[in-house]
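Novice: just to be clear, the model below is a prediction. Sequence and coordinates:
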Amino acid sequence: MAKTPLPYWRLSTFYLFYFASLGALVPYWGLYLQSLGFDGRAIGELMAIIMVTKIIAPYIWSWIADHTGRGMMIIRLASVCALISFIGIFWALTFWWLALVMMLFSFFWNATLPQFEATTLNHLGKDTHKYSVIRLWGSLGFILSVAGLGQVLDQQSLAILPFVLLSIFLLISLSSFMVPDAQAQAHQSSHGSMLEVVKQPVVIALLSVCFLAQLSHGPYYTFYSIYLKDHHYSSGSIGALWALGVLAEIVVFFLMVRLMPRFGARHLLISALLLTSLRWLLIGHFVDNAGIIIAAQLLHAASFGLYHAVAIELIHQLFKGRYQGRGQALYSSVSFGAGGALGSYMSGLFWDQLGATMVFNLAAVAALLGAFISWRYIVLDKN
């Protein structure tokens, strides 16, 4: 049977628009909430809601997808529901209404990416090492969104942000209808149930590392733009710094085809977490030094690019066959969901009390702990 051609551009287009939405939401939503008069604790709580739904939503939707074999149908449904839910943001701007809308919207929005990751890997078949050259279009979408919006917000009010996001969510929904389903790859596995896979020590260690990695990103995703704004960086400069970090991430995605076979997943993961810890220390202690802040942003190549590419590959190795979708969902739930939610909440809780420097110091400690667990407990046949 002839091999089905890889729908490269259709996969890449979805990543482009999905991460463009992240480029508008993550750097600027905190600033938008601040413009509405919310304090640090309220901002942390509202941002944490987006992460909390990521704990449950991806696994629920991926379980349905795995049992129906209709992964793209689930992605399309979730994308459209997220679009409709977000319209509620225009109804009222009270804390509890925003919390309700963000919870409902993110329940659907967070369901799409893990299942789409599984779809992409299934389309790639045995060529999973080529994942990064598709995923880099997501990084490009983030750059275009965050840099372009930063320039716009130097001239326009933050009140336009919800309209920008709504437009991008519409594009995500439309692009989801372009991508065909992929047949899950057949794998021989000695594991009879999902629970038996998760109970493996190496899986527990990996999920713990992923949790700590994203916990350490809590202050960055929630307060980095506010932090820079408080130190007199313009919106254009803030957008450029976010874009620079993701540009560095793209370079790593290009290099992963060579880095993974040469150094192995375990060593790359340890390196990524050590560099992540260094990044938070630089941001926390040298915010007024533009040169050091630029260097810290270049370390996004490690703290997200290197880390994420390795984590996706390890999850794909450890969760085989019919467990691939749920494996990716569990990775998303534990790391970006539980880790991200707790990181956002705790950074909001301590931001005004302890100050930015101490909060970033604690983030550095979390990343260091992740590096230790990787070194001590993640042992694979192929390291």
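Specialist: Structure received.

Novice: may I have the lowest-mean-pLDDT helix or strand in the chain exported as PDB, CA atoms only?
Specialist: Ranked by mean pLDDT, DSSP states H and E, the weakest helix or strand in the chain is helix 324-332, scoring a mean of 78. Included here for helix 324-332 are C-alpha records, laid out as PDB according to Å, rounded to 0.1, in the frame of the first residue of the first chain:
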ATOM      1  CA  GLN A 324      -0.700   8.000  22.200                       C
ATOM      2  CA  GLY A 325      -3.500  10.600  22.400                       C
ATOM      3  CA  ARG A 326      -4.000  10.100  26.100                       C
ATOM      4  CA  GLY A 327      -0.200  10.200  26.700                       C
ATOM      5  CA  GLN A 328       0.100  13.600  25.000                       C
ATOM      6  CA  ALA A 329      -3.000  14.800  27.000                       C
ATOM      7  CA  LEU A 330      -1.500  13.600  30.200                       C
ATOM      8  CA  TYR A 331       1.700  15.400  29.500                       C
ATOM      9  CA  SER A 332      -0.300  18.600  28.800                       C
END
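
Novice: any idea which residue sits dead centre in this structure?
Specialist: residue 336 (6.1 Å; Cα atoms, centre = their mean).

Novice: hmm, back to that, mind listing residues that contact the least confident helix or strand of the chain?
Specialist: Taking contacts as Cβ atoms under 8 Å, 6 or more residues apart in numbering, the residues outside helix 324-332 that touch it are 54, 58-59, 61-63, 65-66, 71, 110, 113-115, 117-118, 121-122, 184-185, 194, 197-198, 207, 210, 311-312, 315-316, 318-319. In this view, the C-beta of every residue, glycine as well, is placed from N, C-alpha and C.

Novice: can you pull the contacts of residue 272?
Specialist: Listed by Cβ under 8 Å, 6+ apart, the contact partners of residue 272 are 213, 302-303, 306-307, 310.

Novice: same thing but at 10 Å, please
Specialist: Residue 272 is in contact with 209, 213, 252, 299, 301-311, 367, 370-371, 374, counting by Cβ atoms under 10 Å, 6 or more residues apart in numbering.

Novice: can you flag the buried ones in the contacts of helix 324-332?
Specialist: Burial of the contacts of helix 324-332 was assessed by neighbour count (16 or more other Cβ atoms under 10 Å); the buried members are 54, 58-59, 61-62, 65-66, 71, 110, 113-115, 117-118, 121-122, 184-185, 194, 197-198, 207, 210, 311-312, 315-316, 318-319.

Novice: so which of those belong to helices?
Specialist: Applying DSSP state H to those, the entries found in helices are 54, 58-59, 61-62, 65-66, 71, 110, 113-115, 117-118, 121-122, 194, 197-198, 207, 210, 311-312, 315-316, 318.

Novice: tell me the secondary structure at residue 233.
Specialist: Under the three-state scheme (DSSP: H, G, I helix; E, B strand; the rest coil), the conformation of residue 233 reads as coil.

Novice: ok, it - how many residues close by?
Specialist: Residues within reach of residue 233, counting by other Cβ atoms under 10 Å, total 19.

Novice: do residue 376 as well
Specialist: By other Cβ under 10 Å, 9 other residues sit near residue 376.

Novice: now swap in residue 141 and tell me
Specialist: Other residues near residue 141 come to 25 when the count uses other Cβ under 10 Å.

Novice: so which helix or strand takes in it?
Specialist: When secondary structure is defined using DSSP states H and E, the element that contains residue 141 is helix 131-153.

Novice: residue 77 too?
Specialist: Following DSSP H and E, one finds residue 77 within helix 71-86.
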